[in-house]
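Undergrad: Got a predicted model here, sequence first, then my questions.
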Amino acid sequence: GAVVSQHPSRVICKSGTSVKIECRSLDFQATTMFWYRQFPKQSLMLMATSNEGSKATYEQGVEKDKFLINHASLTLSTLTVTSAHPEDSSFYICSARTSHGTTEAFFGQGTRLTVV
Amino acid sequence: LAKTTQPISMDSYEGQEVNITCSHNNIATNDYITWYQQFPSQGPRFIIQGYKTKVTNEVASLFIPADRKSSTLSLPRVSLSDTAVYYCLVGPNTGGFKTIFGAGTRLFVKA
């Protein structure tokens, strides 16, 4: 199946700094990618939809100025957590679908962000 | 978006068949049913997808009745490594359609 790769898998940062997470579709083009956040023992919560070449669409309650999303190419989307605080510590997951119909969404392995 | 309802948790023993049922009463005509598996600290992994009747692959079977208002994921002869959270999702099968997760079912397989 198609592969989606996230980097880094784990990151620890100091409060007030910014962290960038990359999401790449390795063997297919994805005009749309999705970013999720998952807290311990909870389900995945959709944060935003990342569209190649245009602005991301954020879900209600997600601050677009805090979670900057850039989808500059058909294989790369980035999520930047700006001015991170301890409450932003979470597991961030991206997913992508192929551009041409059918099948499932493919997920990255996730990024564990810890803000200290 | 069609809402899904699954049992919060299930227990089983190694070697048993496990059936997880998902209710999706408001499923639309162009919606597909997709099941994902998630292990701790990993992204979800696709298990199986179907539209109607029965679908089988190397890891699971998916049973969908004629009214499509529910579906059952069947895992044959589970092992300890099948302990995970299983999510049932319903939605169109198009590239831009966002995938919304419900609470999922936490399956615990015992020795």
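TA: Nice, thanks for sending it over. Numbering: from 1, shown residues only, chains lettered A, B, ... in the order given.

Undergrad: For the residue nearest the centre of chain A, list each beta-bridge partner.
TA: For chain A, the residue sitting closest to the mean C-alpha position, by C-alpha atoms, centre = their mean, is residue A:35 at 3.6 Å. Bridge pairing for residue A:35 (DSSP bridges) gives the partners residue A:48, residue A:94.

Undergrad: Same question for residue A:7.
TA: residue A:22.

Undergrad: Quick one: residues contacting it.
TA: Contact analysis of residue A:7 by C-beta atoms under 8 Å, 6 or more residues apart in numbering or on different chains lists A:21, A:22, A:24, A:111. C-beta: built from backbone N, CA, C; applies to glycine.

Undergrad: so what's the spatially most central residue of chain B up against?
TA: Nearest to the centroid of the C-alpha atoms of chain B, with distances taken as C-alpha atoms, centre = their mean, sits residue B:35, at 3.4 Å. Residues in contact with residue B:35 (C-beta under 8 Å, 6+ apart) are B:22, B:46, B:47, B:48, B:49, B:60, B:62, B:73, B:86, B:87, B:88, B:89.

Undergrad: wait, the fourth one sits on residue B:59?
TA: Spelled out, it's residue B:48. Yes: judged on C-beta atoms under 8 Å, residue B:48 makes contact with residue B:59 at a distance of 7.4 Å.

Undergrad: Low-confidence stretches in the chain?
TA: This is for chain A. A:1, A:99-103 (pLDDT under 70).

Undergrad: That was the other one, I meant chain B.
TA: B:1-2, B:94-96.

Undergrad: How about the residues of it by chain A?
TA: B:34, B:36, B:41-46, B:49, B:87, B:93-104 (C-beta under 8 Å from any C-beta of the partner chain).

Undergrad: what comes up buried for the one helix or strand residue A:70 maps to?
TA: Using DSSP states H and E, residue A:70 sits in strand A:67-73. For strand A:67-73, a neighbour-count test (16 or more other C-beta atoms under 10 Å in any protein chain shown) marks A:67, A:68, A:69, A:71 as buried.

Undergrad: re earlier: can you turn the buried subset of the residues of chain B next to chain A into a selection I can paste into ChimeraX?
TA: Buried residues among those (16+ other C-beta under 10 Å), as a ChimeraX selection:
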select /B:34,36,42,43,44,45,46,49,87,93,95,97,98,99,100,101,102,104
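
Undergrad: Endpoints of stretch A:2-15, how far apart?
TA: Length of stretch A:2-15, first residue to last, C-alpha to C-alpha, to the nearest Å: 35 Å.

Undergrad: quick one on the thing from earlier: and the furthest pair within the contacts of residue A:7?
TA: Greatest spatial distance in the contacts of residue A:7: A:24 and A:111, 12.5 Å, computed using C-beta to C-beta.

Undergrad: Of the two, which one has the most company?
TA: Each of residue A:24 and residue A:111 has its neighbours counted (other C-beta atoms under 10 Å in any protein chain shown); residue A:111 has more, 23 against 19.
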